[in-house]
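> Any chance you can model this:
(chains A, B, C and D)
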Protein chains: 4
Amino acid sequence: MPAAVETAQERAEKLAELARGAYARGWALGTSGNFSAVAAAEPLRLLITPSGVDKGAVRGEDMVEVDADGRMVGGPGAATGRPSAETSLHLAIVRARGAGAVSHTHSVWSTVLSDAAAEKGGLAIEGYEMLKGLDGVVTHEHREWLPIVENTQDWSAGAAGVEAVLRQRPDTHGLLIRRHGLYTWGRDFDEAVRHLEVLEFLLEVVGRSG
Amino acid sequence: MPAAVETAQERAEKLAELARGAYARGWALGTSGNFSAVAAAEPLRLLITPSGVDKGAVRGEDMVEVDADGRMVGGPGAATGRPSAETSLHLAIVRARGAGAVSHTHSVWSTVLSDAAAEKGGLAIEGYEMLKGLDGVVTHEHREWLPIVENTQDWSAGAAGVEAVLRQRPDTHGLLIRRHGLYTWGRDFDEAVRHLEVLEFLLEVVGRSG
Amino acid sequence: MPAAVETAQERAEKLAELARGAYARGWALGTSGNFSAVAAAEPLRLLITPSGVDKGAVRGEDMVEVDADGRMVGGPGAATGRPSAETSLHLAIVRARGAGAVSHTHSVWSTVLSDAAAEKGGLAIEGYEMLKGLDGVVTHEHREWLPIVENTQDWSAGAAGVEAVLRQRPDTHGLLIRRHGLYTWGRDFDEAVRHLEVLEFLLEVVGRSG
Amino acid sequence: MPAAVETAQERAEKLAELARGAYARGWALGTSGNFSAVAAAEPLRLLITPSGVDKGAVRGEDMVEVDADGRMVGGPGAATGRPSAETSLHLAIVRARGAGAVSHTHSVWSTVLSDAAAEKGGLAIEGYEMLKGLDGVVTHEHREWLPIVENTQDWSAGAAGVEAVLRQRPDTHGLLIRRHGLYTWGRDFDEAVRHLEVLEFLLEVVGRSG
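A predicted model of the protein is given here:
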């Protein structure tokens, strides 16, 4: 949990950097994607990108803060922004995984594969050295399971289902929403960025191998 | 319509930025593509990129201004430039859609798919979360129709047909010209950029899923 | 012919910029590619990138100058560099086409398609709006023929064959060498860059449509 | 061997530049990849990127130095870093090839092809002009053999097998580890970078031609 080692301003800047970096790679075009970081644990406070903003231009001062129920309780951008409609998914991931930072991206390959593999309920990625970039994976002889859940526009209802999926499979490092994109997370920003790069790389490898 | 909130110079600079951004992504190579913004509503004045210039180097001071009939009536670049041969298409879109900014790009995927789907008269893109980046679309359970019209070198004649297509389908956010490229638009620059990014992303997803 | 409007230093800098731009797009990796510009017409002097240098780091002061027979006669880089082994091809293009600038790149798509279409002796690219970026093409209803010649390591002998191909087809704007890459040219730097962007774009479109 | 012409600091900075350049191209995402350079020949000292760091942010001062047995003996980053688990592979390449710089990358195409061609024990790349970017190759009529070895997590044991493969085929310029990535090398940094660009280019050509 990054709260202890950063000021609130540093955290907001790092969150903006995570969002801008994803945009620059084409993973958060057209105001898509959202990104969050835990600001306090007890009671839970989550800093999150505001809804509908261009992730290529988002700044630390645009971020909003929500409580454990997703209600906006502050943040530098509270006067102008409102939290993303997918805030409940970020909170479900924080609860189920103890994540300190959550990243949600819309890349071409995650969108393509979330649809192609949907009938199997998930995508298995197995035997690649790059898997060792995922926390706790110490050998390429690993089978990573990326669950795929159906898309919805009611994540306040749908988040409970995602949380259940994540609790059933505590070994997962990411989650695909069908025809929508990828969720991944980490204990802190560095791990969330690493997991994002690793999973996007592997999705491209799988997509091009098919 | 962006006229009220920008100076003429700011508008010209934003238009140049839109063009250079499209070039940087490979969507307006080799002097291809053209971009416009409404400068005044009554009587209509449209600021547009001049014909035949490198979109990677175009500046606000290169832009030319046309009236509702496409006649050049001024603009900072009037001494050196002339309006694009596709100006009548931009005007048709402004009339049919009330657009404030129009973007025409030549990307690889729009070129490929405008040909592959031409016999069906258009391309349906359905069920993707990214569709929500299009104005008025509130759920992924949406079927976006991208009409495809045949290419011509006489857009002063052809623009009426495009305008008719757009009036028949007031729910569309873009238009493909066969083996040519994409037109999209928005109420203002931000919406035009968002629609461009969303449609190019979806075209790549469809192209790679095929 | 650019000689009249540039100083020798400006020409060398523009040539370096052409080379670095091609490298940045992945079209001249690993010291591949070479680029030239006519420095004087009577007698002919051609400024050309030296052999074996990294095109991402090449500077105007590295360029060498050759005469009509390909002999080095000077240039800012004469003390350290020697002309490319493909200089005779550049000279053949200048003779056959009156080119002012010549660009030779090794892109992925030109390499792939130069092989896939080799048995037909060339690649036809037809019906694309982007073709209008080629000098003299005024409609998309155009069939561009890209001749493909077999590769060789003896271009002092092979250049005559290339020159013959170009004289037989004075309507071409480029040439593929099998499993090797693309040659294109222009009256001046701007046209050479435009032709390069247009042909590389079209090769990618054809490659992805296949 | 680059030791004679650089200071220790210059060498460390060049090594960091090699790593950051590979990251920027998507060939060393998620802390993957490692890079080394010979610092002294007798006794052997190898400067190498530390384990588990982000290659996009690595600096000269992070590098660590090992002896011929892979034991850390110093380097600017010795206080914070430890050598990569694949150090023994770098040492095997230095021994078998007399390399001055070694590059190990995880690109999409090397990962895809290292798996697709694994049953043949290697990948043959033949007939491409770009092959001439490899040291000692003077014609495109060359058949480059990229051996593919199975992945392991015990490279202290596995390095001997790799060294044997390299000694059997002294004409190779690179090596693929199955579902893992590419090793290549050069007498100095410039040659290692050139070989990396040439082999990655050719892997993409082969991958897209398939």
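> Surely A:Asp188 is in contact with A:Val102?
No. A:Asp188 is not in contact with A:Val102 according to C-beta atoms under 8 Å; the separation is 11.4 Å. Any C-beta I mention is one placed from the backbone N, CA and C, and that applies to glycine too.
> Which one's more surrounded, the two?
Shown here are A:Asp188 and A:Val102; by other C-beta atoms under 10 Å in any protein chain shown, A:Val102 has more neighbours (26 against 18).
> SS state for the more buried one?
When classified by DSSP: H, G, I helix; E, B strand; the rest coil, A:Val102 comes out as strand.
> mind listing what it touches?
Contact analysis of A:Val102 by C-beta atoms under 8 Å, 6 or more residues apart in numbering or on different chains lists A:Phe35, A:Ser36, A:Ala37, A:His90, A:Ile93, A:Val94, A:Tyr183, A:Thr184, A:Trp185, A:Ala192.
> same question, A:Gln168
No residues are in contact with A:Gln168 under the rule C-beta under 8 Å, 6+ apart.
> any idea how far it is from A:Glu86?
21 Å (C-beta to C-beta, to the nearest Å).
> How about A:Arg95?
The gap separating A:Arg95 from A:Glu86 is 15 Å, by C-beta to C-beta.
> the more surrounded of these two?
In this view A:Arg95 and A:Glu86 are compared by other C-beta under 10 Å, and A:Glu86 has more residues nearby, 25 against 15.
> And the nearest residue to that one once chain neighbours are set aside, how close does it get to B:Tyr128?
The shortest distance from A:Glu86 to any non-neighbouring residue, by C-beta to C-beta, 6 or more residues apart in numbering or on different chains, is to A:Trp155 (5.3 Å). According to C-beta to C-beta, A:Trp155 and B:Tyr128 sit 17 Å apart.
> Ok, A:Glu150 next?
13 Å.
> Neighbour count: the two, which is higher?
Between A:Glu150 and B:Tyr128, B:Tyr128 has the larger neighbour count (other C-beta under 10 Å), namely 25 against 12.
> I figured the more buried one hits B:Val205, correct?
Yes. Contact criterion C-beta under 8 Å: B:Tyr128 and B:Val205 qualify, at 6.8 Å.
> the helices in chain A, which residues?
Using DSSP state H, the helices of chain A run over residues A:8-24, A:87-97, A:108-116, A:155-168, A:189-209.
> And the ones you listed: which comes nearest D:Leu113?
helix A:189-209 (9.5 Å; C-beta to C-beta).
> How about the closest one and chain D, any contact?
Yes. Using C-beta under 8 Å from any C-beta of the partner chain, helix A:189-209 comes into contact with chain D via A:Asp190, A:Val193, A:Arg194, A:His195, A:Glu197, A:Val198, A:Glu200, A:Phe201, A:Glu204, A:Val205, A:Arg208, A:Ser209.
> need the contact list for the nearest residue to A:Val64 once chain neighbours are set aside.
Distances taken as C-beta to C-beta, 6+ apart put A:Gly75 closest to A:Val64, at 4.0 Å, once the chain neighbours are dropped. Counting by C-beta under 8 Å, 6+ apart, A:Gly75 makes contact with A:Ala12, A:Leu47, A:Ile48, A:Met63, A:Val64, A:Glu65, A:Gly81.
> For those residues, which single residue is the most surrounded?
A:Met63 leads the contacts of A:Gly75 on contacts (other C-beta under 10 Å) with 29 neighbours.
> Quick check: that one touching A:Ala12?
Yes. The pair A:Met63 / A:Ala12 is scored as a contact, 4.7 Å apart, by C-beta under 8 Å.
> Common neighbours of those two, please.
A:Leu47, A:Gly75, A:Pro76.
> Which residues of chain A lie near chain D?
A:127-130, A:133, A:138-141, A:190, A:193-195, A:197-198, A:200-201, A:204-205, A:208-209.
> A:Glu144 touches A:Ile125, doesn't it?
Yes. The pair A:Glu144 and A:Ile125 qualifies as a contact (C-beta under 8 Å) at a distance of 4.6 Å.
> what sits in contact with each of the two?
A:Leu131, A:Leu202.
> Which residue lies nearest the spatial centre of chain A?
A:Ser103 (2.5 Å; C-alpha atoms, centre = their mean).
> and that residue, what does it touch?
Going by C-beta under 8 Å, 6+ apart, the list of residues near A:Ser103 reads A:Leu18, A:Ala22, A:Gly33, A:Phe35, A:Tyr183, A:Thr184, A:Trp185, A:Ala192, A:Val193, A:His195, A:Leu196.
> Give me the distance between it and chain B.
Separation of A:Ser103 from chain B (C-beta to the nearest C-beta, to the nearest Å): 16 Å.
> Can you give me the distance of the residue nearest to A:Gly174 when sequence neighbours are not counted to D:Val137?
Excluding the flanking residues, the one nearest A:Gly174 by C-beta to C-beta, 6+ apart is A:Thr184, at 4.1 Å. Separation of A:Thr184 from D:Val137 (C-beta to C-beta): 42 Å.
> ok, these two, which is more surrounded?
Between A:Thr184 and D:Val137, A:Thr184 has the larger neighbour count (other C-beta under 10 Å), namely 29 against 16.
> ok, and the most crowded of the residues of helix A:189-209 next to chain D?
Top of these by neighbour count (other C-beta under 10 Å): A:Val198, with 28 neighbours.
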